[in-house]
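Undergrad: Curious how this folds, go ahead:
(one chain, ligands or ions: 1)
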Amino acid sequence: MLGKIEHLGIAVRDLKEGNQLYTKLLGRLPYKEEVVESEQVVTSFFQSGENKIELLAATHEDSAIAKYIDKYGPGIHHVAFAVENIVEELARLKKEGFVILNEKPKRGADNKWVAFVHPKSAGGVLVELCEEIKE
Ligand code: ZN
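TA: Okay, the predicted model is just below:
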């Protein structure tokens, strides 16, 4: 089963502007910024109470985030759930009929193994699974 909502992913056109907006909104600064080369994004993370917000901006016009913003504009992009064992959960969800975008978990931001469930199979929501990398 899935665990808590690990973070909400929010697509922004420009990370600096996004950081300024969310700093005002949440009343605090982001605690980290990180480039994820494989996804062609730069991310920043805010803690808000027990919850985390991830801002994502494209670093290249081919980035999935650039395409998303072209189509839908900035806004909520994905919901990420924490899992204990991402490989097991992917197998379970696949068996349940969900379409998995990357069957092999990849290294995401903030020290996590991540994989995504296609929104077409999840009621219109892009779902991210993430497992803390322990090494
Ligand atoms: Zn995420």
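Undergrad: Start and end of stretch 32-43, how far apart?
TA: Terminal residues of stretch 32-43 are spaced 8 Å apart (CA to CA, to the nearest Å).
Undergrad: ok so residue 120 is a helix residue?
TA: Yes: counting by DSSP: H, G, I helix; E, B strand; the rest coil, residue 120 is located in a helix.
Undergrad: Confirm for me that it is in contact with residue 99.
TA: Yes: the pair residue 120 / residue 99 is scored as a contact, 6.4 Å apart, by CB atoms under 8 Å. Bear in mind the C-beta positions are built from the backbone N, C-alpha and C, glycine included.
Undergrad: more crowded one of these two?
TA: Counted by other CB atoms under 10 Å, residue 120 and residue 99 do not tie: residue 99 has more neighbours, with 13 against 10.
Undergrad: and that one, backbone torsions?
TA: phi -90, psi 120 (degrees, to the nearest 10).
Undergrad: Quick one: residues contacting it.
TA: 117-118, 120-121 (CB atoms under 8 Å, 6 or more residues apart in numbering).
Undergrad: Turn those residues into TSV, columns for distance to residue 46 and pLDDT.
TA: What follows is those, written out as TSV (distance: CB to CB, whole Å; pLDDT from 0 to 100):
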residue	distance to residue 46	pLDDT
117	24	98
118	27	97
120	29	96
121	29	97
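Undergrad: Mind telling me the two of those residues farthest from one another?
TA: 117 and 120 (9.5 Å; CB to CB).
Undergrad: Setting aside sequence neighbours, what's the nearest residue to residue 2?
TA: Nearest residue to residue 2 in three dimensions, chain neighbours excluded: residue 81, at 4.0 Å (CB to CB, 6 or more residues apart in numbering).
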